[in-house]
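Trainee: Can you look at this prediction? I've put the sequence above it.
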Amino acid sequence: MQTTLLRYTDLPITDRAAFELVCARHGFAPVHFDISICADPADAAHERLVTVRRGGWAQSYYDRQGQWVRQFEADLTCRFFR
């Protein structure tokens, strides 16, 4: 499995726009978070694992066609990253 560290600007445009909107709604800027994506290049059918970090906190989400952004917002709502 390969891990690639990305910034939010490296995300697909739809994910990036959704991520920016969610961050703004909760008083954050996208640069407050580090994003890494784990993918198995040998098996394209498996979903990617997106990990979002802020300070000492980290949470991983399966990338089900952009669903990770909704799960990330749920964590912001319950103040996981504060």
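Mentor: Structure received. Residues are numbered from 1 along each chain as shown.

Trainee: lowest average confidence, helix or strand, in this protein?
Mentor: Lowest by mean pLDDT, DSSP states H and E among the helices and strands of the chain is strand 2-6, with a mean of 64.

Trainee: Can you tell me, leaving aside adjacent residues, what's nearest to Asp63?
Mentor: Using C-beta to C-beta, 6 or more residues apart in numbering and skipping residues adjacent in sequence, the residue nearest Asp63 is Arg48, 4.2 Å away. C-beta: built from backbone N, CA, C; applies to glycine.

Trainee: and if you look at Leu49?
Mentor: Closest to Leu49 by C-beta to C-beta, 6+ apart is Cys38, at 4.3 Å.

Trainee: Roughly how far does that neighbour sit from Ala24?
Mentor: Plainly put, Cys38 is 27 Å away from Ala24 if you go by C-beta to C-beta, to the nearest Å.

Trainee: higher neighbour count, these two?
Mentor: Cys38 (16 against 11; other C-beta atoms under 10 Å).

Trainee: hang on, isn't the more buried one packed against Tyr61?
Mentor: No. Cys38 is beyond contact range of Tyr61, at 11.0 Å (criterion: C-beta atoms under 8 Å).

Trainee: where are the low-confidence patches of this structure?
Mentor: Where the chain drops to pLDDT under 70, the residues are 1-6, 39-46.

Trainee: redo that, cut-off 80
Mentor: 1-10, 39-48, 64-66 (pLDDT under 80).

Trainee: can you pull out the strands in it?
Mentor: Here the chain has its strands, by DSSP state E, at 2-6, 34-39, 49-54, 57-62.

Trainee: want to throw the ones you listed into CSV with distance to Pro12?
Mentor: What follows is the strands of the chain, written out as CSV (distance: least, C-beta to C-beta, whole Å):
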stretch, distance to Pro12
strand 2-6, 11
strand 34-39, 11
strand 49-54, 11
strand 57-62, 15
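
Trainee: I'd say Glu20 and Tyr8 touch.
Mentor: Yes. Between Glu20 and Tyr8 there is a contact at 7.1 Å, judged by C-beta under 8 Å.
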